[in-house]
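**Q** Can you look at this prediction? I've put the sequence above it.
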Amino acid sequence: MSGAAPSCGCFRALLERQGYRELAAAQLFASGVALAPTLDEKQMLARHCLDELEHFELIATELEECGGGELLARVSPAVAALPSPESWLEMVAIGILFDRAVYFQLRAYAAAPDTRVAALAVRVIADEQEHIAASQAALGDLGKREPDFTHRLIAAVDRWLPASLACFDDETPVACDAGPHVSVEARNLALRTYRESLSDVLVPEGVPPGRFTG
């Protein structure tokens, strides 16, 4: 995206929100490295962390170029307020819940009428798909061998679903003379598809379907 394009406060706020999502995902993946049971899984999470940091750097550069200042200091307090995963099962659930929410919000951005927003989403969305696939594979493995799996999975869903849903933009964006920047229809479709995808993955593992109704 070109930093020469005219900017406005709500576009810069959008960049801040996406910067928070990327930095939060990076912190969560980094926290999970110590919990991962194998070297392969530790390396996988470390790579995912680096992916998210690269996404964050991309957004931070865009924000600075459009006059928004330094991103890290703005979003770090909210990221620091997130809890940390306490088990490998919880980390896997975070990958399915939180990272999937980031992915579906990016899908909504990819359909945005503002070409800067759409271009940003397209540049980072491919890595998110890989992260989701890895988390689903890890969940399937855990379901075969973890004691008290369903009870612990439900507890992880209850802990992390609110923070994951908060990754979606508000349903009614701020009116802007330079907009519209985003598509409300695309956001609503992304949220609905996100909930449906969680139901498809987690209900067969014993999570009550009511957790995912809007």
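**A** Cool, the structure landed.
**Q** For the rest of this, base every contact and every neighbour count on C-alpha atoms.
**A** Will do.
**Q** Could I get the buried residue list for the longest helix seen in the chain?
**A** Longest helix in the chain, counting residues (DSSP state H): helix 115-145. For helix 115-145, a neighbour-count test (16 or more other C-alpha atoms under 10 Å) marks 116-118, 120-121, 124-125, 128, 131-132, 134-136, 138-139 as buried.
**Q** Run through the neighbouring helices and strands of that helix.
**A** In terms of contacts (3 or more C-alpha pairs under 8 Å, 6 or more residues apart in numbering; DSSP states H and E), helix 115-145 is packed against helix 39-65, helix 88-110, helix 149-165.
**Q** Among those helices, show me which one is buried the most.
**A** helix 88-110 (a mean of 24; mean count of other C-alpha atoms under 10 Å).
**Q** now the angle from that one to helix 115-145?
**A** Relative orientation of helix 88-110 versus helix 115-145 (axes from the mean of the first three to the mean of the last three C-alpha atoms, to 10 degrees): 160 degrees.
**Q** which stretches of this structure have low pLDDT?
**A** Along the chain, segments meeting pLDDT under 70 span 1-7, 179.
**Q** picking that back up, now, which of the buried residues of helix 115-145 sits nearest Arg145?
**A** Closest to Arg145 out of the buried residues of helix 115-145 is Leu139 (10.4 Å), distances taken as C-alpha to C-alpha.
**Q** mind listing what the closest one touches?
**A** Residues in contact with Leu139 (C-alpha atoms under 8 Å, 6 or more residues apart in numbering) are Leu89, Val92, Ala93.
**Q** try 7 Å this time
**A** Taking C-alpha atoms under 7 Å, 6 or more residues apart in numbering, we find Leu139 in contact with Val92.
**Q** Same check on Glu128?
**A** By C-alpha under 7 Å, 6+ apart, the contact list for Glu128 reads Tyr103.
**Q** separation between it and Arg47?
**A** For Glu128, the distance to Arg47 (C-alpha to C-alpha, to the nearest Å) stands at 12 Å.
**Q** Can you tell me how far Ser183 is from Phe104?
**A** Taken as C-alpha to C-alpha, the span from Ser183 to Phe104 is 13 Å.
**Q** To clarify, my last question referred to Ala111.
**A** From Ala111 over to Phe104 the distance is 11 Å, taken as C-alpha to C-alpha.
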